[in-house]
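> model this:
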Amino acid sequence: MRRTPIVLVLLGALAVTGCSSGGQQSAESAPPAASSAAPAAGSGARFSVITHGAAGDSFWDVVKNGAEAAGKQYGAQVAYQGDGDPAKQSQLIDQAVTEKVDGIVVSMANPDALKEAIGKAVAAKIPVVTINSGADSSKAFGAITHVGQSEDVAGRGAGEQLKAAGVTKLLCVIHEAGNVGLDQRCKGAEQTLGGTVERLQVDVSNLADVTSKVAAKLQSDQQVNGVLSLNPAVAIAARDAIKDAGSQAKLATFDLSADVVTAINDGEVLFAVDQQQYLQGYLPITFLNLYKANLNTVGGGLPVNTGPGFVTKDNAEQVAKLAEAGTR
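Here you go, the predicted structure:
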């Protein structure tokens, strides 16, 4: 009871300082304007993620996990769809425009084939974030930003590491015809390897054939002492090919899967170039949510890089635990 007068005095003092002589609230004590509040979550925004990834591809499963996790965090609906056929991918974009979604995330393995569909989205005032491939076309097509890695930079980094490992003739295995990003990776590796880089076209949907073709190449050209795969599933197929061919070729890959991390731990793969694809799902939904709520844009017209990083035997064990959780 002895504290009551003190509390009353303090409340009285606050009442006096909080009001002007005319009984109006002072500027110092006024609540912050509504515009200064953080964008509210749970607005029920609808975002569509449309990639060129095939169903069941471990890489794109992680992208999907990232997008859905962001949607859950912000209370937004996220619909993920993937199709490796550019014509069908364009149709999915058109469908999202018809449904008047609040934002579209799209990977552009074949930018020219998607230009018209993306243009329709931009014309309809639907914000677009491009991811993974097609960074060079993103701004020109009207996207608000691009999220991914510089394929040239990543390729050069891979070439440097392979050169340090003693590789002098490299087989670069391309698993998707027409994917500009994959060719950029091979070109980057060629710039820094200081040796010969030969390309081999395979079909990611037929991994048994990948193993057969890589093995045949290694048997026919024993000067090939390095293999660079551009996909984690292809990496495992190439590992089997090296064994089948009795080759001593050193293997490296782009992108991660639980199997690739295990292979790195076992010494079967030198390293994986990690573009942190979880971020390629998570960040675009974050950016679209901020754009819808607060008209924020990120990147200043430049891509937002998610890589490259490198997973080697030194850090593979830590990454393995994260891969099991579907975030790497």
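
> going forward, measure contacts between C-alpha atoms and count neighbours the same way
Noted.

> how about the residue nearest the centre of the chain, what does it touch?
By Cα atoms, centre = their mean, the chain has its centre lying nearest to Gln280, at 2.5 Å. Contact analysis of Gln280 by Cα atoms under 8 Å, 6 or more residues apart in numbering lists 63, 66-67, 131-132, 147-148, 306.

> Phe59 too?
Listed by Cα under 8 Å, 6+ apart, the contact partners of Phe59 are 231-232, 255-257, 277.

> how about the secondary structure of the residue nearest to the centre of the chain?
helix (DSSP: H, G, I helix; E, B strand; the rest coil).

> next: Cys172.
Following three-state DSSP, we place Cys172 in the strand state.

> how much space between it and Asn231?
Distance, Cys172 to Asn231, using Cα to Cα, to the nearest Å: 11 Å.

> overlap in contacts, those two.
Joint contacts of Cys172 and Asn231 (Cα under 8 Å, 6+ apart) do not exist.

> what's stretch 139-154 in contact with?
By Cα under 8 Å, 6+ apart, stretch 139-154 touches 115, 118-119, 122, 127-133, 135, 138, 181-182, 184-185, 187-188, 273, 275, 277, 280, 283-284, 297-299, 301-308.

> in strands only, show me those.
Here DSSP state E is the test, and those give 128-131, 273, 304-307 as lying in strands.

> which of those residues lies closest to Val202?
The closest of the ones in strands among the contacts of stretch 139-154 to Val202 turns out to be Val273 (Cα to Cα; 19.9 Å).

> could you give me the PyMOL syntax to select whichever of the contacts of Phe59 are buried?
Of the contacts of Phe59, the buried ones can be selected in PyMOL as follows, counting by 16 or more other Cα atoms under 10 Å:
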select buried, resi 231+232+255+256+257+277
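
> so where do the strands sit in the stretch 151-300 of the chain?
169-174, 196-201, 226-229, 250-254, 272-274 (DSSP state E, counting those that start in this stretch).

> alpha carbons of the fourth one, as CSV, please.
The one in question is strand 250-254. The C-alpha trace of strand 250-254 is given here as CSV (Å, rounded to 0.1, in the frame of the first residue of the first chain):
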residue,chain,number,x,y,z
LYS,A,250,38.1,-37.4,-60.5
LEU,A,251,34.5,-36.3,-60.1
ALA,A,252,33.0,-33.1,-59.0
THR,A,253,29.4,-31.8,-59.3
PHE,A,254,27.1,-28.9,-59.1
